[in-house]
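[1] Got a sequence here, can you build the structure:
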Amino acid sequence: MNKLKIAWITDTTASLSKEFIEKHHIHVIPLHVVINDTYYKETIDISAEDFYERMKNEEGKFQSSQPNIGDIVDLYERLKEEYDFGVAIHASSTLTGTYQTSVMAAEMAGFKLFAIDSRTGSFPLSFLVKRGIELVEQGHEIGEVVDRLNNLREHTRLFLVPSNLDQLHKSGRVSGSQKILASLFNIKPILSIEDGAAKIKDKVRTEKKALAWLVNHLKEDLDTKAVQKVAIVHANDREKADGLERIINETFPAIETEKLMLITVAGVHTGVGTLGLSWVTE
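    Coordinates of the predicted model:
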């Protein structure tokens, strides 16, 4: 019996390495960032480093935009000639319309697609993609793989601490008075991606307390669950990321760590200097 050929699809919010993408032939759909009305395909037309440098040094509007449906239809037209079906794991459908666009494009192209709304992005999304490939390689049926990935979504954690509220204010997420008060009292909001949406989980005074909050939440999960790896997420501030990684390594020496650049479509809202922590419990 011939082995089924599966096309793996995700989008640029997944933070996968170029090596992993090439090794597993993953088809990555780019989201767009928009700088002063000029569109750039994330990771193709502009790197995360360049995006954050421009955000730091340029005035103007920084926005995000979902992919063009025509581009995805073209991709799926090609894939259906080569693969039996596709598995698409996308960023939260609450935060971007990419998942819905991908499903619609598959229907238009007549391409059989198992689509998963990850309800997250960044490291947890990359974790789901990697786990899905792993499960298929272990011989699990695709229906079981999809069920297991859907169950894993409840075990993802992604917390972000913006360095200031400038971008959240510009994108309409906080009011002008909230921004002024936060600046006056050095308040750090802690954002959490939960049930697919971004929520202000807590507010603390000073960056030091924000880092302690992140570490304590990881500690709470470790009391009852297993965590193999923790990702330190940063918006082009390697010094801050290195500092947080040192704290994690000293506090939890058994846990593997990696540093990831914050995806630019998230950075559009949280701004340069954002620092975060992410993990998946099992």
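[2] Residue 121: what's it in contact with?
    With contacts defined as C-beta atoms under 8 Å, 6 or more residues apart in numbering, the neighbours of residue 121 are 13, 14, 15, 91, 92, 95, 158, 193, 263, 265, 266. Backbone N, C-alpha and C define where each C-beta goes, glycine included.
[3] Please repeat the previous calculation with a cut-off of 7 Å.
    Contacts were defined as C-beta atoms under 7 Å, 6 or more residues apart in numbering; by that measure residue 121 touches 13, 91, 92, 95, 193, 263, 266.
[4] any weak-confidence spans in the protein?
    By pLDDT under 70, the weakly predicted segments of the chain are 1-2, 164-186.
[5] Strands of that one, start to end?
    Along the chain, the segments classed as strands by DSSP state E run 6-11, 27-29, 32-35, 38-41, 62-65, 85-90, 113-117, 156-161, 187-194, 197-205, 229-234, 256-261, 275-280.
[6] Determine which stretch of these is the most buried.
    Scoring the strands of the chain by mean neighbour count under mean count of other C-beta atoms under 10 Å gives strand 275-280 as the most buried, with a mean of 26.
[7] what are the pairing partners of that strand, and which direction each?
    Strand 275-280 pairs in its sheet with strand 156-161 (antiparallel), strand 229-234 (antiparallel), by DSSP bridges.
[8] Of the contacts of residue 121, which is the nearest to residue 53?
    Closest approach to residue 53 among the contacts of residue 121 (C-beta to C-beta): residue 263, at 15.8 Å.
[9] Okay, buried residues for stretch 12-32 please.
    Taking 16 or more other C-beta atoms under 10 Å as the neighbour-count basis, stretch 12-32 is seen to contain the buried residues 12-16, 21, 26-32.
[10] the domain parsing of the chain - what is it?
    What automatic domain parsing lists as the domains of the chain is 6-30+67-153, 156-280.
[11] Which of the strands of the chain sits closest to residue 147?
    Going through the strands of the chain one by one, with C-beta to C-beta as the measure, strand 113-117 comes closest at 10.2 Å.
[12] what distance separates that closest one from the centre of its chain?
    Put simply, strand 113-117 sits 17 Å off its chain's centre (C-alpha atoms, centre = their mean, to the nearest Å).
[13] What is that strand packed up against?
    strand 85-90, helix 98-109, helix 142-152 (3 or more C-beta pairs under 7 Å, 6 or more residues apart in numbering; DSSP states H and E).
[14] highest average neighbour count across those?
    For the helices and strands packed on strand 113-117, average neighbour numbers computed from mean count of other C-beta under 10 Å are highest in strand 85-90, which has a mean of 24.
[15] Given that strand, what are its sheet partners and their directions?
    strand 6-11 (parallel), strand 113-117 (parallel).
[16] if I look at residue 279, how far off is residue 226?
    When C-beta to C-beta, to the nearest Å is the yardstick, residue 279 and residue 226 sit 10 Å from each other.
[17] how about the strands paired with strand 85-90 in CSV, adding distance to residue 252?
    Conversion of these to CSV gives the following (distance: least, C-beta to C-beta, whole Å):
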stretch, distance to residue 252
strand 6-11, 28
strand 113-117, 29
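[18] now for these, which one comes closest to residue 222?
    Taking C-beta to C-beta, strand 113-117 is the member of the strands paired with strand 85-90 nearest to residue 222, at 26.6 Å.
[19] What are the contacting residues of the closest one?
    For strand 113-117, contacts defined as C-beta under 7 Å, 6+ apart pick out 85-90, 92-93, 99, 102-103, 106, 142, 146, 149-150.
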